[in-house]
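J.: Dropping the sequence and predicted coords here.
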Amino acid sequence: MENNKYLTFALTKGRLANKTLELLESIGITCEEMKDKNTRKLIFVNEELKLKFFLAKGPDVPTYVEYGAADIGVVGKDTLLEEGKRVYEVLDLGFGKCRMCVCGPKSAGELLKHHEMIRVCSKYPNIAKDYFYNKKQQTVDIIKLNGSVELGPIVSLGDVIVDIVETGSTLRENGLEVLEEICPLSARMIVNQVSMQMESVRIKKLINDLRSVLENNK
Ligand code: PRP
């Protein structure tokens, strides 16, 4: 029996979406409509393969997938940890690699050793809370910021930050360093829990095809 249901992908706008589209092309999944850089369209369709794609802000991708507005999503592990949504994480896509770290001026290293009450600035309050409260058992004051988090210790808003480190150049240029590593990060494919049951044949084939390409690229 022919399956007429569309599988919908929510992709994280920007570099992760571009990398995801490249990867999907390598297994024969393309979306020509999406290549038009001037388009104002928000949702793109591949009629032949019965696929739909849309672009969203990173923190919204797990929300679309949890509620089933998208069957599949691609998002950074940082966002998955922070948002804590009920979705299946099925594949590490291997790109967008970076690390979640506690960073600050060298002098702040001492404050981490003696379980002092410190102020932590972060765009990721849940990750920071989990790390300090559950893993380190250190009581801290967490201050949520929305970007340029490195400013926190520079202007004395906080003692340290919990943030993503990729090349380390933002830290270096601002006199900060990695004090502790929390976890490695990369782009992940996530799947809605109901879609995984209802569309298991199509979704499992997609996962297996992607896994083979990723293995061969290693
Ligand atoms: C991210 C992150 C760091 C920087 C790390 O910020 O929050 O600031 O990149 O990259 P690097 O180690 O290669 O320097 P982003 O550029 O996303 O902007 P934001 O500060 O507004 O969050």
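T.: Received, thanks. Numbering: from 1, shown residues only.

J.: Is the top strand by length along the chain positioned near the ligand?
T.: Secondary structure of the chain per DSSP state E: the longest strand is strand 177-185. No. On the criterion Cβ under 6 Å from any ligand atom, strand 177-185 is out of touch with the ligand, staying 9.5 Å away. In this view, the C-beta of every residue, glycine as well, is placed from N, C-alpha and C.

J.: contact partners of that strand?
T.: The contact list for strand 177-185 (Cβ atoms under 8 Å, 6 or more residues apart in numbering) reads 76-78, 81, 96-106, 108-109, 112, 127, 131, 160, 162, 164-165, 168, 171.

J.: Kindly report the same for stretch 127-141.
T.: For stretch 127-141, the surrounding residues in contact (Cβ under 8 Å, 6+ apart) are 78, 81-82, 100, 102, 112, 115-120, 122, 142, 162, 182.

J.: buried residues in that stretch?
T.: By neighbour count, with 16 or more other Cβ atoms under 10 Å as the criterion, the buried positions of stretch 127-141 are 127-128, 130-132, 138, 140.

J.: which one in those is the model shakiest on?
T.: Minimum pLDDT across those is recorded for Q138, with 93.

J.: Name the nearest of the contacts of stretch 127-141 relative to G175.
T.: For these, the residue nearest G175 by Cβ to Cβ is V102; the value is 15.9 Å.

J.: Quick check: that closest one touching D159?
T.: No. Using Cβ atoms under 8 Å, V102 is not in contact with D159; the gap is 10.0 Å.

J.: Please enumerate the shared neighbours of these two.
T.: Taking Cβ under 8 Å, 6+ apart as the criterion, V102 and D159 both touch V120.

J.: ok, now how distant is the closest residue in space to I118 that isn't next to it in sequence from the ligand?
T.: Using Cβ to Cβ, 6 or more residues apart in numbering and skipping the chain neighbours, the partner closest in space to I118 is D159 (4.2 Å). Distance, D159 to the ligand, using Cβ to the nearest ligand atom, to the nearest Å: 17 Å.

J.: which ones are touching D159?
T.: The contact partners of D159, taken as Cβ under 8 Å, 6+ apart, are 104, 108, 111, 118-120, 153.

J.: ranking those residues by neighbours, who comes first?
T.: With neighbours taken as other Cβ atoms under 10 Å, the top of the contacts of D159 is G104, carrying 29 neighbours.

J.: Distance-wise, check it relative to L176.
T.: In this structure, G104 and L176 are 6 Å apart, going by Cβ to Cβ, to the nearest Å.

J.: Identify the residues contacting the residue of the chain at minimum distance from the ligand.
T.: In the chain, the residue that lies nearest the ligand is G147 (2.7 Å; Cβ to the nearest ligand atom). Taking Cβ under 8 Å, 6+ apart, we find G147 in contact with K123.
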